[in-house]
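Enquirer: Pasting a predicted model and its sequence here:
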Amino acid sequence: MALKYRPDVNFLREILETRSGVTLSNYPHPIIAREGRPFLGIALVAALVATSVIGGWSWPFWIVALFVLQFFRDPPRTIPLDPNAVLSPADGRIVVVERAHDPYATREALKISVFMNVFNVHSNRSPVDGKIEKVEYFPGKFVNADLDKASTENERNAVVMTAAHGQTITFVQVAGLIARRILCYVNAGDTLARGQRYGFIRFGSRVDVYLPLSARPLVVVGEKVSATETVLAEF
């Protein structure tokens, strides 16, 4: 029996990275977030059952299934190679770029916040390479995540990390008006690579990033950003 040739994935990845100037993330990639697979399965079964029972009137069920599919999409992203870049941890819109107090690392910091609506990808990714110093969860309210008070009043999960060059960076998952579930898969002592998936927030929320005051912001309020691919700031 002839052996089927299987190219070495790491070798191909190295070639593509060298030619494109970016790092390829999560290859092969699942496309649909694992957190959404049960919801998508339920939605599709409901739509199929409705189609068999009520025929053409089943279209609302298919719209719901399409919404669930788009919400839980988790596409692969390319990772900029600049070692001084701080990457966006989420898709969405910039709502804050200002000096603020970082209550998790107890310091004054540059704060950049990304608001995610229900049409954004909700997979969260590490903004830098580094080692996690602590992970803290705080119960709270579920006010509109677009509001400034959501950073301190809403349910949230904070990760404090020491970046590869020694800088402290804090990134905080904040629940929103509809979001009722923050998922974080890392613990103190873990290491993360830039662009690595570390968590997920279901249905509308925000991520706050606290950086050293010496960091230079590269985004402005109102700008749309993409997780991993958009550079928020430079050290």
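Expert: Yep, it's here.
Enquirer: Quick check: end-to-end length of stretch 33-41?
Expert: One end of stretch 33-41 to the other measures 12 Å (CA to CA, to the nearest Å).
Enquirer: Could you check how far it is from the centre of its chain?
Expert: 16 Å (CA atoms, centre = their mean, to the nearest Å).
Enquirer: what's the answer for stretch 92-111, then?
Expert: 17 Å.
Enquirer: Tell me the buried residues in that stretch?
Expert: Buried residues in stretch 92-111, counted by 16 or more other CB atoms under 10 Å: 92-97, 100, 102-105, 109-111. (Each C-beta comes from the backbone N, C-alpha and C, glycine too.)
Enquirer: Checking my notes, Pro60 in a helix, right?
Expert: Yes: assessed by DSSP: H, G, I helix; E, B strand; the rest coil, Pro60 belongs to a helix.
Enquirer: Show me this structure divided up by domain.
Expert: 31-73, 82-234 (automatic domain parsing).
Enquirer: quick one: which of these has the weakest pLDDT on average?
Expert: Mean pLDDT values for the domains of the chain show the minimum at domain 31-73, a mean of 85.
Enquirer: so what's Thr168 up against?
Expert: By CB atoms under 8 Å, 6 or more residues apart in numbering, the contact list for Thr168 reads 105, 107, 133, 160-162, 212.
Enquirer: ok, now with 7 Å
Expert: 105, 160, 162, 212 (CB atoms under 7 Å, 6 or more residues apart in numbering).
Enquirer: Quote the end-to-end distance of stretch 221-235.
Expert: Start-to-end, stretch 221-235 (CA to CA) is 19 Å.
Enquirer: Of all the residues in the longest helix along the chain, which ones are buried?
Expert: Ranked by residue count and defined by DSSP state H, the top helix of the chain is helix 37-54. Residues of helix 37-54 classed as buried by neighbour count (16+ other CB under 10 Å): 39-40, 43-44, 47, 50.
Enquirer: again, but for stretch 59-72
Expert: So, applying 16+ other CB under 10 Å, buried residues of stretch 59-72: 61-62, 64-65, 68, 71-72.
Enquirer: quick one: which of those residues sit in helices?
Expert: Using DSSP H, the buried residues of stretch 59-72 in helices are 61-62, 64-65, 68, 71.
Enquirer: Identify the farthest-apart pair in these.
Expert: Maximum pairwise distance among those (CB to CB): 15.7 Å, between Phe61 and Phe71.
Enquirer: Distance check, the nearest residue to Lys224 once chain neighbours are set aside against Ile112.
Expert: In space, and not counting its chain neighbours, Lys224 is closest to Arg93: 5.5 Å by CB to CB, 6 or more residues apart in numbering. Arg93 sits 12 Å away from Ile112, going by CB to CB, to the nearest Å.
Enquirer: now do Tyr185
Expert: 23 Å.
Enquirer: Have a look at the two and say which one is more surrounded.
Expert: Ile112 (29 against 11; other CB atoms under 10 Å).
Enquirer: Go ahead and confirm that one touches Tyr210.
Expert: No: counting by CB atoms under 7 Å, Ile112 stays clear of Tyr210, with 8.2 Å between them.
Enquirer: Provide a list of residues in contact with the most centrally placed residue in the chain.
Expert: Residue closest to the average C-alpha location in the chain (CA atoms, centre = their mean): Asn124, at 1.8 Å. In this structure, Asn124 makes contact with 89-90, 173, 198-201, 207, judged by CB under 7 Å, 6+ apart.
Enquirer: Can you turn the buried part of those residues into a ChimeraX selection?
Expert: Only the buried entries of the contacts of Asn124 go into this ChimeraX selection, using 16+ other CB under 10 Å:
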select :89,90,173,198,199,200,201,207
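Enquirer: Just send the contacts of Asn124 back as a markdown table, with secondary structure and distance to Phe119 too.
Expert: Below are these laid out as a markdown table (DSSP: H, G, I helix; E, B strand; the rest coil; distance: CB to CB, whole Å):
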| residue | secondary structure | distance to Phe119 |
| --- | --- | --- |
| Pro89 | coil | 18 |
| Ala90 | coil | 13 |
| Gln173 | strand | 18 |
| Tyr198 | strand | 22 |
| Gly199 | strand | 19 |
| Phe200 | strand | 16 |
| Ile201 | strand | 14 |
| Val207 | strand | 16 |
